[in-house]
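Trainee: Sequence plus the predicted model coming up.
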Amino acid sequence: MIDRFKLRSEFARSVVTLMTGTTVAQAVPVAISPVLTRLYGPEDFGVLALFIAVTAIFGSVANARYELAIMLPHEDDDALNIAALGTLIAATLSAVLLVVVALFNARICRLLGNEHIGPWLYLVPPTVLFTGLFNSLNYYNSRIKRYQDIARANMLKAVILAAVQLAAGFLKFGAGGLVVGQAASSLFANARLLRNTLGRTDWKRVVTLRSMRRQARRYRDFPLFSMPAILANTMAQHLTNILVSGYFSVATLGQYALVQRVLGIPSSLVGAAIGQVFFQQATDERKRTGKAVSTFDATVKNLFLLSVPSFLFLMLIADDLFAFVFGERWRIAGHYARILAPFFAVRFIVAAVTTINSVFEKQKISLVWQLLLLASTLGTIISSHAMGLGFSGFIVAFSVVGTACYMILLGLLFMVSRGRF
């Protein structure tokens, strides 16, 4: 009983620490959003959404998903070698992307359906590099329970993002201001976490190519199964954004991107903090008991109690809320938000506990489900466009299909937490 109380107390403190930093980090861009939506138009946000789509797709696999293995070794030296391995992979991928952007810039613009993004494609490689570095540092600092420093890094990232986007907006830089702010924020988030990581050990002695190769072989299931899974998940969201721009318009994408940004706040504000601590606590419980039942059940229950009332309330007031907060030209985004609220409510609950597959090294389950999500999402938008349903018709279908997919995943995660696979 005492051990269980201590576990819950530590979990709560860790969540509060991360959530405090994340709250501040999210509060900054949320607070400036009503200003940004008056400085930039839907078309500008559409260009930003395209940039984020490209960087998110490559950033999701920048470390070949080895960052998820950082939690698992018993020895910190092994974890440090995994972090170094993931960073090396990110640097290699970024170098390749730079060559591709330089050689095929115009062709990529045509594929994305927007010529204005051309100059900003050169920011994709460094953004992917710093995303990969942050992934490695974030998980290593979570392993050593430096949650306070993770929170501070996220706060710095938000402040840089806000400062650059606001300044560029007042100077009338257009879509480039949003894009440069996004890229700059990924650069400054790494300093404190890097110091923690390098300062804890003699990394020059510990990190070797031989050790990295050994860890790469030991945890090869992460690039083999988890990497295609997260790539499918990211593509399900961001390829949809690219298709929205092509099938409808970049302005429609801008409206849709604002909905994703606002409805995604609970996940990034609360869900991400809970999910990160859940990963660490579920790993500890599995080492002790072979299962993660207590951690999984308690986390899902708390997420449900947070999610349902919040999103139900949003459904009632979304249209007027968006028009009041962001300006009348964004009212249509509020209409989209009302339709998509059930999907985001379910995703908020499920996304925070998906790392249970990594805890039990069940990456094959993630891969199969992510491929299902990708096929369902792309099939929904392509068929909706072919049937002439319009954008509202598409997001109704998407909300129904996406909610069903995440409910299936929740059932699978429930069984994994009990060691049933």
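Mentor: Yep, it's here. Numbering: from 1, shown residues only.
Trainee: burial of residue 208, as a residue count?
Mentor: 12 (other C-beta atoms under 10 Å). For every residue, glycine as well, the C-beta is placed using N, CA and C.
Trainee: and the closest residue to it other than its chain neighbours, which of the three is it?
Mentor: Spatially, and ignoring its direct neighbours in sequence, residue 208 is nearest to residue 81 (7.4 Å; C-beta to C-beta, 6 or more residues apart in numbering). Here residue 81 is helix, with the state taken from DSSP: H, G, I helix; E, B strand; the rest coil.
Trainee: mind listing what residue 81 touches?
Mentor: Under the criterion of C-beta atoms under 8 Å, 6 or more residues apart in numbering, the contact list for residue 81 reads 206, 207, 208, 211, 212, 214, 215.
Trainee: do residue 70 as well
Mentor: 79, 82, 83, 86, 136, 139, 140, 143.
Trainee: what's the farthest-apart pair in those residues?
Mentor: For those, the farthest-apart pair by C-beta to C-beta is 86 and 143; their separation is 13.0 Å.
Trainee: what about the two, which has more around it?
Mentor: residue 86 (31 against 21).
Trainee: And the pLDDT for the more buried one?
Mentor: In the prediction, the pLDDT value recorded for residue 86 is 94.
Trainee: That one contacts residue 135, doesn't it?
Mentor: Yes: counting by C-beta atoms under 8 Å, residue 86 does reach residue 135; the two are 6.7 Å apart.
Trainee: Need the overlap of contacts for these two.
Mentor: Contacts common to residue 86 and residue 135, judged by C-beta under 8 Å, 6+ apart, are 62, 63, 67.
Trainee: which one among those gets closest to residue 180?
Mentor: residue 62 (20.1 Å).
Trainee: count of neighbours near the closest one?
Mentor: 28.
Trainee: So it: helix, strand or coil?
Mentor: When the rule is three-state DSSP, residue 62 gets the label coil.
Trainee: number of nearby residues for the nearest residue to it once chain neighbours are set aside?
Mentor: Spatially, and ignoring its direct neighbours in sequence, residue 62 is nearest to residue 132 (3.2 Å; C-beta to C-beta, 6+ apart). Residue 132 has 29 neighbours, counted by other C-beta under 10 Å.
Trainee: Dump the helix or strand hosting residue 132 to CSV, restricted to CA.
Mentor: Taking DSSP states H and E as the definition, residue 132 sits inside helix 124-143. This file holds the C-alpha atoms of helix 124-143, laid out as CSV (Å, rounded to 0.1, in the frame of the first residue of the first chain):
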residue,chain,number,x,y,z
VAL,A,124,13.3,21.7,-43.7
PRO,A,125,16.7,19.9,-43.2
PRO,A,126,17.9,21.9,-40.1
THR,A,127,14.4,21.7,-38.6
VAL,A,128,14.5,17.9,-39.0
LEU,A,129,18.0,17.8,-37.5
PHE,A,130,17.0,19.8,-34.4
THR,A,131,13.8,17.8,-34.1
GLY,A,132,15.8,14.6,-34.0
LEU,A,133,18.2,16.0,-31.5
PHE,A,134,15.4,17.1,-29.3
ASN,A,135,13.7,13.7,-29.5
SER,A,136,16.9,12.0,-28.2
LEU,A,137,17.5,14.6,-25.5
ASN,A,138,13.9,14.6,-24.4
TYR,A,139,13.7,10.9,-23.8
TYR,A,140,17.1,10.7,-22.1
ASN,A,141,16.2,13.5,-19.7
SER,A,142,12.9,11.7,-19.1
ARG,A,143,14.9,8.6,-18.2
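Trainee: tell me what the following helix or strand past that helix is packed against?
Mentor: With elements assigned by DSSP H and E, the helix or strand that comes after helix 124-143 is helix 147-170. The contact analysis (3 or more C-beta pairs under 8 Å, 6 or more residues apart in numbering; DSSP states H and E) places helix 147-170 against helix 2-39, helix 124-143, helix 175-188, helix 191-199.
Trainee: Could you tell me the least trusted of the ones you listed?
Mentor: helix 2-39 has the lowest average pLDDT among the helices and strands packed on helix 147-170, namely a mean of 69.
Trainee: tell me which strands and helices the helix or strand following it is in contact with?
Mentor: Next along the chain after helix 2-39, taking DSSP H and E as the criterion, comes helix 42-59. On a contact count with 3+ C-beta pairs under 8 Å, 6+ apart, helix 42-59 meets helix 76-112, helix 124-143, helix 175-188, helix 227-247, helix 250-263.
Trainee: Give me the helices and strands touching the third one, please.
Mentor: Counting contacts by 3+ C-beta pairs under 8 Å, 6+ apart, the secondary-structure elements packed against helix 175-188 are helix 42-59, helix 124-143, helix 147-170.
Trainee: residues making contact with that helix?
Mentor: 36, 40, 43-48, 51-52, 55, 116-117, 119-120, 123, 126-127, 130-131, 134, 156-158, 160-165, 167-169, 171, 173.
Trainee: Tell me how far it lies from the chain's centre.
Mentor: 17 Å (C-alpha atoms, centre = their mean, to the nearest Å).
Trainee: residues of it that come out buried?
Mentor: Residues 175-187 are the ones in helix 175-188 that count as buried (16 or more other C-beta atoms under 10 Å).
Trainee: Look up the closest residue to residue 398, ignoring the ones flanking it.
Mentor: residue 380 (5.2 Å).
Trainee: Next one: that neighbour relative to residue 258, how far apart?
Mentor: 21 Å (C-beta to C-beta, to the nearest Å).
Trainee: quick one, which of those two is more surrounded?
Mentor: Neighbours were counted for residue 380 and for residue 258 using other C-beta under 10 Å; residue 258 has more, 25 against 22.
Trainee: which residues touch the nearest residue to that one once chain neighbours are set aside?
Mentor: Distances taken as C-beta to C-beta, 6+ apart put residue 333 closest to residue 258, at 4.8 Å, once the chain neighbours are dropped. Residues counted as contacts of residue 333 (C-beta under 8 Å, 6+ apart) are 255, 256, 258, 259, 262, 322, 326.
Trainee: at 6 Å what do you get?
Mentor: 255, 258, 259, 322 (C-beta atoms under 6 Å, 6 or more residues apart in numbering).
Trainee: and which of those residues is nearest to residue 293?
Mentor: residue 259 (35.6 Å).
Trainee: what's around that closest one, how many residues?
Mentor: Residues near residue 259, counting by other C-beta under 10 Å: 24.
Trainee: I figured it hits residue 334, correct?
Mentor: No: counting by C-beta atoms under 6 Å, residue 259 sits too far from residue 334 to count as a contact (8.2 Å).
Trainee: can you list the weak-confidence ranges in the chain?
Mentor: 1-22, 192, 196-197, 199-201, 268-269 (pLDDT under 70).
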